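**Student:** I'll drop the sequence and a predicted model, then ask my questions.
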Amino acid sequence: MGSILRRSISAKGLTSVVLLSQEFAHQGFSSQGNEWSAYMLFASNYVLNELAKKPLSVKVYPFAHMYCNNLSSEHQLLPVQIPDVDPGAIPKTATFSMSAGDFLQAYTEADQYDVIASAFFVDTARNIIAYIERMYDILKPGGHLINFGPLLYHFDDNLEVRASSHSNLFHVQTQSLYRLPPLS
């Protein structure tokens, strides 16, 4: 695996920037996180830089507002301690960096990435087709797109995108995740 994966990008959110990008880097790969939200950038900076030498020093309660999928009410208040790994303990064979800015503006150079991994990202696009086309452009031939998260389409009331996207979305959904073909 290390011989094929040279560069990866993890897009949007604290989950992608800190967890996905860091996990790739900890496995010895070069990785870059991307985020545009100042709030997420502040939180990422805090976890990556301030907590780097203080493992398990902060308790968070990620399930406190979740009333479903709990076996008991006690499970809802279970804490998670972060960081569970040292963000600075990256192998010398890897690099880790962050890109602050809009995904469509930050990544324009074609055929640069072996992998794009995203968590809770694709459905945040104002124009999902533009995101998918950009991912296609920046992936190297034979590259992989890995996406985790719902497809809630936060901007579903955008009539321009909705009217033009349904046939294209069907086309994308039926294609292999290995380098998507151009959308026509």
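**Tutor:** Perfect, I can see it now. Numbers count the residues shown, from 1 in each chain.
**Student:** can you get me a residue count around K92?
**Tutor:** Around K92 sit 6 other residues, with neighbours defined as other Cβ atoms under 10 Å. For every residue, glycine as well, the C-beta is placed using N, CA and C.
**Student:** name the SS class of the nearest residue to S31 once chain neighbours are set aside, please.
**Tutor:** Leaving aside its sequence neighbours, S31 sits nearest to F24 (Cβ to Cβ, 6 or more residues apart in numbering; 3.8 Å). Classification of F24 using DSSP: H, G, I helix; E, B strand; the rest coil returns helix.
**Student:** and F24, how far from P91?
**Tutor:** Distance from F24 to P91, counting by Cβ to Cβ, to the nearest Å: 11 Å.
**Student:** check L71 too.
**Tutor:** 38 Å.
**Student:** if you count surrounding residues, which of those two has more?
**Tutor:** More neighbours surround P91 than the other of L71 and P91, with 11 against 7 (other Cβ under 10 Å).
**Student:** mind listing what the more buried one touches?
**Tutor:** 25-26, 28 (Cβ atoms under 8 Å, 6 or more residues apart in numbering).
**Student:** give me the below-cutoff pLDDT ranges for the protein.
**Tutor:** Applying pLDDT under 70 to the chain flags residues 1-18, 152-184.
**Student:** just the helices in it please.
**Tutor:** With DSSP state H, the ranges of helices along the chain come out as 13-14, 21-26, 38-45, 73-76, 103-106, 128-138, 159-173.
**Student:** distance from the chain centre to stretch 131-138, please.
**Tutor:** Stretch 131-138 sits 14 Å away from the centroid of its parent chain (Cα atoms, centre = their mean, to the nearest Å).
**Student:** now do the buried residues in that stretch.
**Tutor:** 131-136, 138 (16 or more other Cβ atoms under 10 Å).
**Student:** same thing with stretch 114-127?
**Tutor:** For stretch 114-127, using 16+ other Cβ under 10 Å, the buried residues are 114-125.
**Student:** who's the most centrally placed residue in the chain bridged to?
**Tutor:** The residue lying closest to the centre of the chain (Cα atoms, centre = their mean) is S118, at 2.9 Å. Beta-bridge partners for S118, by DSSP bridges, are A11, N147.
**Student:** so how far is A119 from N69?
**Tutor:** 18 Å.
**Student:** oh, I was asking about H65
**Tutor:** 19 Å.
**Student:** go on, A100?
**Tutor:** 18 Å.
**Student:** same thing with S30?
**Tutor:** 19 Å.
**Student:** ok, A110 - contacts?
**Tutor:** 137-138.
**Student:** can you offset everything so residue one is 11?
**Tutor:** All right, first residue 11 from here; so that's A120.
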